[in-house]
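J.: With the input below, show me the fold.
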Amino acid sequence: MNADLDLAKQWVQKARNDLLHADNNLVAAQVPADTVCFHCQQAAEKLLKGFLVGKSIPPPRTHDLIDLYSRILTQSPDIKELREALLILQPYAVDVRYPDADWMPTVEEAIDARKAAGSILTWFERALPEAVEG
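T.: Numbering: from 1, shown residues only. Just a heads-up that it's a prediction; the model follows:
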């Protein structure tokens, strides 16, 4: 197996773990909306980096989803459909992890973040199916 493809599969598994965390917390009696949103952003970031790795492009060390989107655009133009989802997730990369953040997401925003992350997983499965384990 191609080493890049193997690493891409590892990125996908890490992303799935983030989505599992989000799903588990969305059904909790008390929903930690900030961590749900953070893990949804992390899942998206890992999927985008996994796509780059799967195409033998070293991913940059960044949390900027729009930067990653721009790097993928030439490889997979259909990523255009994800721009809005990525914009939803972009704010959750850093600020929500700290207690002095100016704002915290609501449960409704956490649900929207999970939907956005799900759309990115669906895109990834279509764009790089060889990196998705059955």
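
J.: measure the residue nearest the centre of the chain to F51 for me?
T.: The residue lying closest to the centre of the chain (CA atoms, centre = their mean) is A44, at 0.8 Å. Taking CB to CB, to the nearest Å as the measure, A44 falls 11 Å from F51. (C-beta placed from N, C-alpha, C; glycine too.)

J.: what does A116 give?
T.: Taken as CB to CB, the span from A116 to F51 is 16 Å.

J.: List the buried residues of the longest helix anywhere in the chain.
T.: As assigned by DSSP state H, the longest helix anywhere in the chain is helix 3-26. Neighbour-count burial for helix 3-26, counted by 16 or more other CB atoms under 10 Å, picks out 4-5, 7-9, 11-12, 14-16, 18-19, 21-22, 25-26.

J.: same question, stretch 51-62
T.: So stretch 51-62, judged by 16+ other CB under 10 Å, has buried residues 51-55, 59.

J.: Over to stretch 24-42?
T.: Those would be 25-26, 31-42, for stretch 24-42 by 16+ other CB under 10 Å.

J.: quick check, distance from that stretch to the centre of its chain.
T.: Distance of stretch 24-42 from its chain centroid, counting by CA atoms, centre = their mean, to the nearest Å, is 14 Å.

J.: For that stretch, the averaged confidence score.
T.: For stretch 24-42, the mean per-residue pLDDT is 97.

J.: Determine how far the last residue of that stretch lies from the first.
T.: 16 Å (CA to CA, to the nearest Å).

J.: Let me know the next secondary structure element after the helix or strand encompassing Y69.
T.: Using DSSP states H and E, the element containing Y69 is helix 65-72. Per DSSP H and E, helix 65-72 leads on to helix 83-89 as the next helix or strand towards the C-terminus.
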